[in-house]
Each structure stands twice: as structure tokens, then as C-alpha cells.
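Q: Predicted model follows, preceded by the sequence.
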Amino acid sequence: MVKGTPLNVVDYYLPTDPDYTNAFERAIYEAAPTLDSIELYVPPGDYTLSRQLIPRRSLFINGGGLATTRLIFNNVASINATMQGAISFGILTTLNAYTTNPNSYPTRANNITAGGADQSQVSNLNITISGTRPAGFDYGIWNAARATVTNVQLYACGLKTVAGGLIIDAGTVIGNANTSLYTNVNTLYATEHAFITDGNDSNNITFIRCSAFVPNIIGFYEGSFLGNVYISCHREGVTANTTHGYKAINPGGANHSMFLQCYNEGDAVLTNYWDIATGMAIIGWEGALPETNLGSGKNSFFVPGNLAGYTTNFQFNCAEDGDGFTLGSATVDATRMATDGFFVRAGDNSLGAMARGGDGTYLSRDAVNIMKLEKGAAIADPAGGATIDTQARAAIALILSRMRSGVPNIAT
């Protein structure tokens with residue numbers, strides 16, 4: 001990929017231009033027509049645009065700082081029906097499917113390179129959507145390609161990654177956003193979701209130190225097929241429409257995302273910080289205990305939470321897998337979580353082949369027994385005389401053996 005000498009958007013501004021829309025379009029669509037990728041520098045300052053930007057080749061757009069370089073999309077009258085971001089990225093098939101060659105920029109055949117806008121990068125700037133806006137214009141960056149976004153602030157908008165067969169929304173968006181990377185991306189007052197990832201070609205994306213400040217609905221909405229990784233992300237503030245800080249849904253049990261040291265700031269009006277409906281690992285969360293809405297065939301793994309009064313070190317929330325683990329309730333028992341060091345919830349019928357007790361069976365640690373299997377009422381003894389501790393040890397051995405052997409239906 002050849003970028004050539006960085007371009008400066010100021011060099012493409014004409015005194016007769018009403019704003020910077022034409023300057024950005026000249027640089028992105030017309031400049032250096034033989035290159036399949038360009039680097040565009042945007043110096044500190046405010047730049048008003050009246051149309052969205054849909055690059056048709058790889059674009060490296062770099063500002064002078066997220067606090068000093070602002071792209072203000074003001075009173076945008078209309079947007080692409082599918083690619084609905086202020087800046088929208090797509091691979092070749094995305095662009096061929098949803099765009100047409102702008103007649104005013106005929107310098108390249110169909111004006112699209114072989115890779116489209118794949119491998120584009122946005123860094124060190126602010127994107128703001130202001131004034132009147134068409135329906136659906138809620139995202140500063142819309143991505144259906146493998147993009148990198150670093151040190152970017154999105155004001156009154158969010159970041160949407162969408163490619164493949166959709167899981168949150170209906171239909172399909174042609175594209176490939178797998179392995180995208182978002183680092184230090186901050187959204188403020190997003191008019192829909194702050195961050196949303198949707199589709200079976202939106203996998204293995206990494207979010208690092210991303211922040212959702214006062215999202216209108218959901219801070220981080222996870223709907224990929226195979227899962228993504230969120231590290232040290234943050235949600236703070238709510239509107240009357242906000243439902244959750246973090247939400248993950250289940251596309252056939254395949255989404256196994258990981259949330260590492262992600263947290264919510266306290267909000268009295270928001271009772272459910274987490275809504276987890278797919279198997280995943282949540283490690284070192286901050287805020288209220290994650291609620292699980294798991295159905296059959298999913299597992300989740302929580303280690304350890306940081307919230308007042310809870311000292312759990314490990315928690316498995318297991319769903320039915322055909323080998324003796326059954327989820328009886330979608331609600332984690334907060335009383336047990338307050339004291340147990342190692343917590344396995346199994347609900348209905350079973351906890352491993354040799355440890356069965358009925359609803360509310362627990363494998364837990366207390367001050368007396370190193371590991372103990374207990375429930376509120378007396379536990380039936382299917383092993384024919386085996387003690388509770390014997391059953392607990394059998395259950396532990398079963399869990400560890402499956403973890404070591406890589407059995408996929410045990411969270412590790």
C-alpha cells in the first residue's frame with residue numbers, strides 16, 4: 001500500500017468555498033489519483049462540512065489533536081442509505097454495493113481502488129455532528145472495513161461497526177470489519193448507542209480505553225458472531241432512554257467476547273449496568289453485579305468483581321451442555337456471591353455427574369470447608385453414602401479435567 005507524501009487539507013481549500021466540504025472531497029477523491037492510499041493531515045482548527053465522507057480508497061486521516069482539530073458535520077441534508085456515518089469506510093464490495101461514482105470526481109475508473117477503503121485509519125481529531133440531521137445519522141464513524149481509530153473524540157455521535165449478516169439489526173451489510181482496532185476513542189452524548197458492533201464479519205475487534213459518556217441508549221452494544229475484546233472501557237452518565245452500560249446478545253451461542261477491567265460509573269437511575277445474553281468472560285468489572293440472561297447452551301465466566309460487599313474470586317454461570325450442567329435461573333444469587341471464593345451456579349438438576357442436589361445447588365468456599373456443595377435444604381445423596389465434601393471434590397475434578405482437555409462448553 002503506497003500513501004505517498006501526506007496531503008494538507010488546507011491546500012485544497014478555495015476562497016470561494018462556502019465551507020471545507022469541497023476541500024476534503026478534492027483531497028480524498030481527486031488528489032494523487034495513481035495512489036491506492038492517501039494520508040491527509042488536518043491541522044488544528046474547526047472545519048465545517050455539509051456532506052458525509054465515504055472514501056473510495058484507503059485513507060489515513062490525521063488531525064493535530066482530539067481537542068484541537070474538529071470536523072463539524074453541520075446541517076447535513078442527506079446521507080447514504082446504508083453507510084450512515086459522518087465518515088464511512090467500506091471494502092471494495094461494500095462500496096460497489098452501496099455507492100455510485102460521483103460524477104464530479106472522474107479521475108479514477110469507478111473511483112474505487114481494488115481494496116476500497118480497507119485498512120483506513122483515523123487519528124487525533126474530533127468529529128462532531130451538529131444542527132439538523134437526517135434520520136439514522138447517529139454515528140461519526142461507520143465501519144465495514146478493517147479500520148484503526150486512535151485518539152478520536154466523537155461528539156453527539158457514536159462509532160458503529162457493522163459487516164455481514166446482522167444480529168442486532170435485520171438484514172446484511174456487505175463488508176469485512178474483522179480485526180479492526182479502536183484505541184482511546186471517546187464518545188460524548190451519542191444520539192443512539194455509543195459503540196455498537198453488529199454482524200458475523202465484525203469479529204476479533206479490540207477496544208482499548210474507549211469511553212461512552214452519556215450514551216442515549218447503550219454504552220457498548222456487542223452483537224458480533226464470534227466475539228470481540230474490550231479492555232479498560234468506561235461508561236458514565238445516562239439519559240432517560242439509557243438501558244444498560246454494556247449489552248451482549250447471543251447469535252447461536254458463538255459470541256464469546258471478553259470484557260477486561262471495564263466499568264460503569266454509578267447512576268441511581270440505571271439499575272442494570274450489564275445485560276449478558278451470551279457466553280463470555282467478564283474480568284475485573286466495576287459497577288453492579290453483571291446480570292445474565294443466558295439461554296440453553298451458553299456459559300459465562302466472571303473473575304473477580306470490584307463492588308462493595310462482594311468478594312467473589314471466581315464465578316461460573318453454566319448453562320445446559322448435555323453433560324450435567326444446567327442453568328436453572330437467569331439471576332445470580334447475590335447472597336452467595338457476597339462470601340464465596342469459588343462459585344459455580346448450576347440451578348435445576350445437576351452439578352457434574354456426581355454432585356446433584358436440585359434447584360440452588362452451589363459449589364462454594366466458606367470458613368469451615370475448603371470447598372463445599374450446599375443448598376438451602378438438605379442435599380440428596382445420589383452417590384449412595386458419599387459425603388457432601390466427596391461430592392464437591394468430584395465436581396471440582398470434573399470441572400478441572402474438562403478445562404484441561406479443552407472441552408468448549410466449560411468456560412475457562
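A: Arrived safely, thanks for sending. Numbering: from 1, shown residues only.

Q: Make sure residue 25 is indeed in a strand.
A: No: counting by DSSP: H, G, I helix; E, B strand; the rest coil, residue 25 falls outside a strand, being helix.

Q: So what pairs up with residue 195 in the strands?
A: For residue 195, the beta-bridge partners are residue 159, residue 220 (DSSP bridges).

Q: For it, grab the count of nearby residues.
A: Per other C-beta atoms under 10 Å, the neighbour tally for residue 195 reads 28. (Glycine included, C-beta is placed from N, CA and C.)

Q: so where's the stretch 1-150 of the chain uncertain?
A: Along the stretch 1-150 of the chain, segments meeting pLDDT under 70 span 1-4, 101-113.

Q: er, the stretch 201-350 of the chain I mean
A: 251-253, 266-269, 271, 285-350.

Q: hey, where'd the helices end up in it?
A: Applying DSSP state H, counting those that start in this stretch to the stretch 201-350 of the chain gives helices spanning 334-337.

Q: wait, what's in contact with the spatially closest residue to residue 90 that is not a sequence neighbour?
A: The shortest distance from residue 90 to any residue other than its chain neighbours is 4.6 Å, reached at residue 144 (C-beta to C-beta, 6 or more residues apart in numbering). Contact partners of residue 144, counting by C-beta atoms under 8 Å, 6 or more residues apart in numbering, are 83, 88-91, 94, 161-163, 173-177.

Q: could I get these as JSON lines with distance to residue 219 and neighbour count?
A: Formatted as JSON lines, the contacts of residue 144 follow (distance: C-beta to C-beta, whole Å; neighbours: other C-beta atoms under 10 Å):
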{"residue": "83", "distance to residue 219": "23", "neighbour count": "24"}
{"residue": "88", "distance to residue 219": "22", "neighbour count": "26"}
{"residue": "89", "distance to residue 219": "22", "neighbour count": "32"}
{"residue": "90", "distance to residue 219": "25", "neighbour count": "33"}
{"residue": "91", "distance to residue 219": "28", "neighbour count": "24"}
{"residue": "94", "distance to residue 219": "26", "neighbour count": "27"}
{"residue": "161", "distance to residue 219": "15", "neighbour count": "30"}
{"residue": "162", "distance to residue 219": "17", "neighbour count": "28"}
{"residue": "163", "distance to residue 219": "21", "neighbour count": "28"}
{"residue": "173", "distance to residue 219": "22", "neighbour count": "23"}
{"residue": "174", "distance to residue 219": "28", "neighbour count": "18"}
{"residue": "175", "distance to residue 219": "24", "neighbour count": "30"}
{"residue": "176", "distance to residue 219": "25", "neighbour count": "22"}
{"residue": "177", "distance to residue 219": "19", "neighbour count": "30"}
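
Q: Now, these that are in helices?
A: residue 94 (DSSP state H).

Q: Going by distance to residue 17, which of the contacts of residue 144 wins?
A: residue 88 (22.2 Å; C-beta to C-beta).

Q: For that closest one, which residues are in contact?
A: 52-54, 80, 141-144.

Q: Now rank these by neighbours and give me the top one.
A: residue 144 (34 neighbours).

Q: Quick check: that residue vs residue 118, distance?
A: 10 Å (C-beta to C-beta, to the nearest Å).
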